[in-house]
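*Asks:* Sequence and computational prediction follow.
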Amino acid sequence: MKLITVGDSAPDFTLKDNYDKEIRLSDYKGKKVLLSWHPLAWTSVCTDQMRALDVNFETFEKLNTIPLGLSVDPAPCKKAWATAIALSNLSVPSDFWPHGKVAQDYGIFIERFGFSERANIIIDEKGIVRWVKVYPIKQLPDINEVIQVLTEIK
C-alpha cells in the first residue's frame with residue numbers, strides 16, 4: 001500500500017455520511033475537495049479536527065472547496081458523534097465497509113490498528129491530488145495551513 005502522491009488521480013468512492021447521504025467524490029468535479037482523515041471518532045484530537053473544519057465551513061465555500069471528515073467508524077457512530085460535538089455543516093463520511101477501503105486506496109490505512117492515519121488530502125477541480133500531509137496520530141492539523149494551501153492552488 002503506497003501513499004497517494006501529488007499528481008495522482010484521486011480514487012473515486014461512495015460513502016454514507018452523518019446525514020444518511022451518499023457522498024460520491026466524482027459528484028464534486030468542478031470543486032476542490034479536502035479529505036480530512038481522522039483515526040477514530042469520540043477522541044479529543046479528532047473532535048477538535050472536525051470542529052475546526054465545521055467552524056471554517058464558510059471559508060471553504062469561498063475557496064470552492066468541499067471539506068469531508070473521513071474515518072473508519074460506522075455511519076451510525078459518525079452520525080451520533082457529529083450530533084454530540086454539534087457539527088452544523090460538515091459531512092463526515094464513514095469508510096467502515098469494506099473496512100477502510102478508501103483509506104487503503106489512498107495509502108493511509110494502518111493495518112495493525114484497523115484505522116487510518118491522520119491526514120489531509122486536497123483534490124483539485126479535475127480530480128487530481130494537489131496536496132498530501134500525514135500527521136502524527138496525536139497532532140491536531142493546523143487549519144490555517146490547510147486554508148493557506150487551498151488559497152494557493154490555482
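*Replies:* Yes, it's here. Numbering: from 1, shown residues only.
*Asks:* counting contacts, what elements does the lengthiest helix in the chain pack onto?
*Replies:* Taking DSSP state H as the criterion, the chain has its longest helix at helix 44-55. Packing partners of helix 44-55 (3 or more C-beta pairs under 8 Å, 6 or more residues apart in numbering; DSSP states H and E): strand 32-37, strand 65-70, strand 118-123. Any C-beta I mention is one placed from the backbone N, CA and C, and that applies to glycine too.
*Asks:* Return the angle between stretch directions for it and strand 65-70.
*Replies:* 160 degrees (axes from the mean of the first three to the mean of the last three C-alpha atoms, to 10 degrees).
*Asks:* could you give the angle of helix 44-55 to strand 32-37?
*Replies:* Interaxial angle of helix 44-55 relative to strand 32-37 (the same axes, to 10 degrees): 160 degrees.
*Asks:* What lies in contact with helix 44-55?
*Replies:* 34, 36, 38-41, 60, 67, 69, 71, 82, 85, 87-90, 92, 118, 137-141, 143 (C-beta atoms under 8 Å, 6 or more residues apart in numbering).
*Asks:* filter the residues you listed to the buried ones?
*Replies:* The neighbour count (16 or more other C-beta atoms under 10 Å) marks 34, 36, 38-41, 60, 67, 69, 71, 82, 85, 87, 90, 92, 118, 137, 140-141, 143 as buried among the contacts of helix 44-55.
*Asks:* buried sites along stretch 69-77?
*Replies:* Neighbour-count burial for stretch 69-77, counted by 16+ other C-beta under 10 Å, picks out Gly69, Leu70, Ser71, Val72, Asp73, Pro74, Ala75, Cys77.
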